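Chemist: Sequence and computational prediction follow.
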Amino acid sequence: MGKLRYVKTSDQIAKARQNNAEFLESTVRSLRFVYRTDPEVAAALVPQPLEVDPASHVCVTFSHVAIHLSPDFTFEIGSAIFGVKASYEGVAGIYLVTMPMTTEQAVVPGRETFGEPKKIAAIEFKKDGQNVMSEVTRMGMTYLEGKGTIGAALGAREFVEYGYCYKAFPACEKSRAFDGDPLLVRLEWRHKHTGAWKLDGAALNLYDSPFDPVADVPVREIVSAEYEEGSAESNGRVLRSIPGQWLEPFLHQRYDDTSGDGLEL
């Protein structure tokens with residue numbers, strides 16, 4: 001008899017879960033930006049029941065990630081996060097608007113397991129001496145770019161960061177938006193930085209793209225810009241279900257909507 005790899009035993013499923021890349025430790029190099037945008041823009045970006053941070057801060061992180069699948073095999077990807085600071089029941093985090101990734105293996109598990117708004121993109125991450133830069137390109141258009149020069153050391157650090165996203169299944173029928181109530185998910189990222197540094201001469205550029213319209217969230221002031229190295233582990237859990245109408249105005253963000261339509265502010 002041959003082997004049928006489309007089907008697994010319960011023991012094989014349990015073993016596979018232990019090796020799910022979504023939960024494994026990763027070695028990470030990142031450019032981390034926080035900027036202030038217009039309050040009305042930040043407020044409009046965040047679905048209920050999340051509460052937008054009154055400071056109207058947007059978080060943008062560019063990363064080169066090495067996922068350690070086994071002692072003998074490391075899987076490298078580029079990733080980025082673009083989100084608005086928000087909270088749920090007093091727990092501060094980032095509402096994730098878009099999460100470009102370089103590979104299908106990074107996109108699919110995150111979208112299906114947690115509802116992360118991931119898309120495949122080309123992400124360049126370069127460190128040349130003290131100069132670092134990263135840019136994100138999709139559909140032939142570069143729409144996110146960050147750069148700067150490594151400056152004063154901030155030292156090693158450990159902290160937990162939270163991200164918020166919605167796990168939802170668009171309906172098969174045109175008569176409704178979802179096949180069931182969307183789920184609010186909180187991600188937990190445990191960071192252990194062997195080193196972090198301020199970025200001097202930092203620049204964060206948002207270029208227009210009909211597929212990824214981050215340029216609609218203007219940079220009014222860069223609040224902080226840092227370069228960091230270390231490791232990260234991630235996990236997440238469902239917090240609650242929400243009415244579909246709370247998420248419906250936002251769901252198209254995770255697809256390539258070229259209609260040009262949007263909320264007038």
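Modeler: Good, I have the coordinates. Numbering: from 1, shown residues only.
Chemist: how about stretch 93-110: buried residues?
Modeler: The neighbour-count check on stretch 93-110 (16 or more other C-beta atoms under 10 Å) flags 93-102, 106-107, 109-110 as buried. Glycine gets a C-beta too; all of them are placed from N, C-alpha and C.
Chemist: got it, and stretch 207-224?
Modeler: 209, 211-214, 217, 219, 222.
Chemist: which one among the residues you listed gets closest to residue 81?
Modeler: residue 214 (11.4 Å; C-beta to C-beta).
Chemist: The longest strand seen in the chain pairs with which strands?
Modeler: Ranked by residue count and defined by DSSP state E, the top strand of the chain is strand 183-206. Neighbouring strands of strand 183-206 in its sheet, by DSSP bridges, are strand 141-153 (antiparallel), strand 157-167 (antiparallel), strand 221-241 (antiparallel).
Chemist: Put the alpha carbons of the last one into CSV.
Modeler: Extracted C-alpha coordinates of strand 221-241, given in CSV (Å, rounded to 0.1, in the frame of the first residue of the first chain):
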residue,chain,number,x,y,z
GLU,A,221,4.4,63.5,12.8
ILE,A,222,6.9,60.7,13.4
VAL,A,223,6.6,60.0,17.1
SER,A,224,9.3,57.3,17.3
ALA,A,225,11.6,55.3,15.0
GLU,A,226,13.7,52.4,16.0
TYR,A,227,15.8,49.5,14.7
GLU,A,228,15.7,46.3,16.7
GLU,A,229,17.1,42.8,16.7
GLY,A,230,16.0,39.8,18.7
SER,A,231,13.4,37.1,18.7
ALA,A,232,9.6,36.9,18.9
GLU,A,233,6.9,34.3,19.7
SER,A,234,3.2,34.7,18.8
ASN,A,235,-0.1,33.3,19.8
GLY,A,236,-3.7,34.4,19.9
ARG,A,237,-7.2,33.8,21.1
VAL,A,238,-10.8,34.6,20.3
LEU,A,239,-12.3,37.3,22.6
ARG,A,240,-15.9,37.4,21.4
SER,A,241,-18.2,37.4,18.4
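Chemist: from the middle of its chain, how far away would it be?
Modeler: Its chain's C-alpha centre and that of strand 221-241 lie 8 Å apart, by C-alpha atoms, centre = their mean, to the nearest Å.
Chemist: would you turn the buried residues of stretch 207-224 into JSON lines with distance to residue 73 and secondary structure?
Modeler: Below are the buried residues of stretch 207-224 laid out as JSON lines (distance: C-beta to C-beta, whole Å; DSSP: H, G, I helix; E, B strand; the rest coil):
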{"residue": "209", "distance to residue 73": "34", "secondary structure": "coil"}
{"residue": "211", "distance to residue 73": "33", "secondary structure": "coil"}
{"residue": "212", "distance to residue 73": "31", "secondary structure": "coil"}
{"residue": "213", "distance to residue 73": "37", "secondary structure": "coil"}
{"residue": "214", "distance to residue 73": "34", "secondary structure": "helix"}
{"residue": "217", "distance to residue 73": "38", "secondary structure": "coil"}
{"residue": "219", "distance to residue 73": "39", "secondary structure": "coil"}
{"residue": "222", "distance to residue 73": "38", "secondary structure": "strand"}
